[in-house]
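S.K.: let me see the structure of the following:
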Amino acid sequence: MNGGSGRNQKAGSVQDEPDLENRVQAQKIQFKKLFGTKPSVISRAPGRAEILGCHTDYNYGFALAAGISRSTLAFFAKRNDKKISVSSNAFDGTPIQFSLTHIEKDTTNSWTNYVRAVIRELNNTHVLPGGADILIDSNVPKSGGVSSSAALELAIAYGMLALYNHPIAQTKIASLCKVAENSDLVKSPCGFLDQGTVAFAQSGKMVFFDFLPKGDAPVSRVETVIANFNNNDVSFVIPVDLTLERQLGESGYVQRRRMCEESLPFWQNVLKKPVRSLRDVTTKDFVAHRDTLEKKNPVMRKRVEHIIYENDRVLKAIPALAAGDIKTFGNLLTQSGISGLELYGLDENTPQLTFLVTHGRILPGVLGMRNMGGGFSAIALALVKKSAMKEFQSKLQASYKKKFGRTLEFIEFSLTQGAEILYV
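M.R.: Numbers count the residues shown, from 1 in each chain. Next comes the predicted model:
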């Protein structure tokens with residue numbers, strides 16, 4: 001099982017992240033300086049990219065995602081008391097302490113609330129007999145739409161479990177970390193895709209999710225799909241305006257989710273069968289009743305059309321990847337981007353996103369491009385020929401800066417290994 005309780009699982013990670021070994025060695029020295037001892041466990045968890053499946057999760061649909069070659073490392077040593085002492089290189093490095101027996105929200109060092117939330121959930125399962133010294137080092141962008149929080153949470157959970165010799169069950173731990181992020185300590189309404197991808201990702205592969213719940217699990221299927229692009233001279237890149245605040249906030253998400261749910265009685269009526277979610281409506285069903293729904297509610301028709309066809313795009317992408325058909329896969333990315341903006345309105349009040357996707361996808365060497373994440377912020381995903389990558393970034397940067405007076409960051413990545421224990 002990938003990311004399980006195995007030891008010294010570093011070969012694939014080093015290949016994915018050439019600087020990984022140097023980071024590990026440097027932080028082992030830093031750990032000794034901070035805590036006066038060597039770390040006995042080192043965990044690693046990557047950021048993640050949503051590849052296809054935009055807003056399909058709460059419609060019990062399908063999605064493809066991947067780990068990216070940026071990661072969070074966490075270093076651990078046992079303590080002789082019931083305290084956690086945690087330091088992060090992203091801040092001033094001063095260790096912050098809290099008690100295992102009394103975990104409260106920290107309004108001063110808010111980054112520690114992610115750690116506190118995970119530790120509290122682990123505590124609730126009675127698996128932590130003692131505390132730990134922890135050092136965190138990350139090169140996952142905090143505001144790039146690549147789930148830096150999930151990377152941190154999984155690195156903490158995997159490391160603490162390994163430190164006290166507990167087995168690691170991927171779905172269970174990913175679900176635990178999702179609960180932690182949804183909790184009162186963090187209050188982020190993320191879905192399972194973030195933590196699930198970080199847990200299940202594999203090098204050179206994508207992760208397929210079927211979000212139909214099964215028992216207590218938020219998914220009924222999680223499978224990996226081979227997607228080795230190295231032989232096709234292409235690479236993924238995420239262009240992002242890191243300084244642009246998200247527009248609409250959670251209100252845009254809530255409105256769209258509600259409209260999808262409110263469409264279900266219509267589909268039950270015209271299809272004459274139970275419809276639990278939009279996954280139960282096929283593209284053939286939609287075509288047959290499109291005009292009726294358009295007359296009833298044209299905005300609802302747009303929202304529904306996006307979800308139904310987005311599910312279809314995910315399912316079509318899998319055989320395209322298996323066949324190495326990069327052209328078809330790239331076209332599916334672009335179709336997803338067009339649908340996300342024109343039908344689901346994910347660029348509402350966000351002209352930067354509209355510009356990013358519509359101008360980026362016509363640049364030379366771009367095989368496919370779409371918005372990435374929940375929307376309402378300037379984050380996109382592009383599949384670009386490696387030979388054209390420099391020109392793509394230069395031209396998109398120049399045109400975006402001319403239009404908005406703002407600067408883009410570009411996160412190039414390969415499909416990388418998910419959460420794992422590097423050393424015990």
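S.K.: which stretches of the stretch 301-424 of the chain form strands?
M.R.: 366-371, 380-385, 409-413, 415-416, 420-423 (DSSP state E, counting those that start in this stretch).
S.K.: next: the chain.
M.R.: When assigned using DSSP state E, the strands of the chain occupy the ranges 41-52, 62-78, 83-88, 96-99, 132-138, 205-210, 221-226, 234-240, 366-371, 380-385, 409-413, 415-416, 420-423.
S.K.: angle of the longest one against strand 205-210?
M.R.: This points to strand 62-78. Between strand 62-78 and strand 205-210, the angle comes out at 110 degrees (axes from the mean of the first three to the mean of the last three C-alpha atoms, to 10 degrees).
S.K.: got the domain boundaries for this structure?
M.R.: Residue ranges for the structural domains of the chain, counted by automatic domain parsing, are given in the record as 11-226+416-423, 230-413.
S.K.: quick one: neighbours of Phe192, just the number.
M.R.: Neighbours of Phe192 under the rule other C-beta atoms under 10 Å: 23. Quick note: C-beta positions are derived from backbone N, CA and C, even for glycine.
S.K.: oh sorry, the question was meant for Leu346
M.R.: The number of residues packed near Leu346 is 29, by other C-beta under 10 Å.
S.K.: check what pLDDT it gets.
M.R.: Per-residue confidence at Leu346 stands at 95 (pLDDT).
S.K.: same check on Arg7?
M.R.: According to the predicted model, the pLDDT of Arg7 comes to 44.
S.K.: same thing with the one 5 residues further on?
M.R.: Gly12 is assigned 56 on the pLDDT scale.
S.K.: contacting residues around Asn331?
M.R.: Gly368 (C-beta atoms under 8 Å, 6 or more residues apart in numbering).
S.K.: winner for burial among the domains of the chain?
M.R.: For these, ranked by mean neighbour count under the definition mean count of other C-beta atoms under 10 Å, the leader is domain 11-226+416-423 at a mean of 20.
S.K.: quick check: Asn371 touching Gly337?
M.R.: Yes. Here Asn371 lies in contact with Gly337, judged by C-beta atoms under 8 Å, at a distance of 5.6 Å.
S.K.: what do the two both touch?
M.R.: Between them, Asn371 and Gly337 have 357, 380 as joint contacts when contacts are counted by C-beta under 8 Å, 6+ apart.
S.K.: do a quick rundown of the helices in the chain.
M.R.: Per DSSP state H, the chain carries helices over the ranges 11-16, 20-35, 112-124, 148-163, 170-182, 192-200, 250-262, 264-271, 283-296, 298-322, 326-342, 351-360, 389-404.
S.K.: any chance of the ones you listed in JSON lines, plus distance to Asp133?
M.R.: Output for the helices of the chain, formatted as JSON lines (distance: least, C-beta to C-beta, whole Å):
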{"stretch": "helix 11-16", "distance to Asp133": "23"}
{"stretch": "helix 20-35", "distance to Asp133": "4"}
{"stretch": "helix 112-124", "distance to Asp133": "12"}
{"stretch": "helix 148-163", "distance to Asp133": "10"}
{"stretch": "helix 170-182", "distance to Asp133": "20"}
{"stretch": "helix 192-200", "distance to Asp133": "23"}
{"stretch": "helix 250-262", "distance to Asp133": "36"}
{"stretch": "helix 264-271", "distance to Asp133": "51"}
{"stretch": "helix 283-296", "distance to Asp133": "54"}
{"stretch": "helix 298-322", "distance to Asp133": "42"}
{"stretch": "helix 326-342", "distance to Asp133": "43"}
{"stretch": "helix 351-360", "distance to Asp133": "42"}
{"stretch": "helix 389-404", "distance to Asp133": "40"}
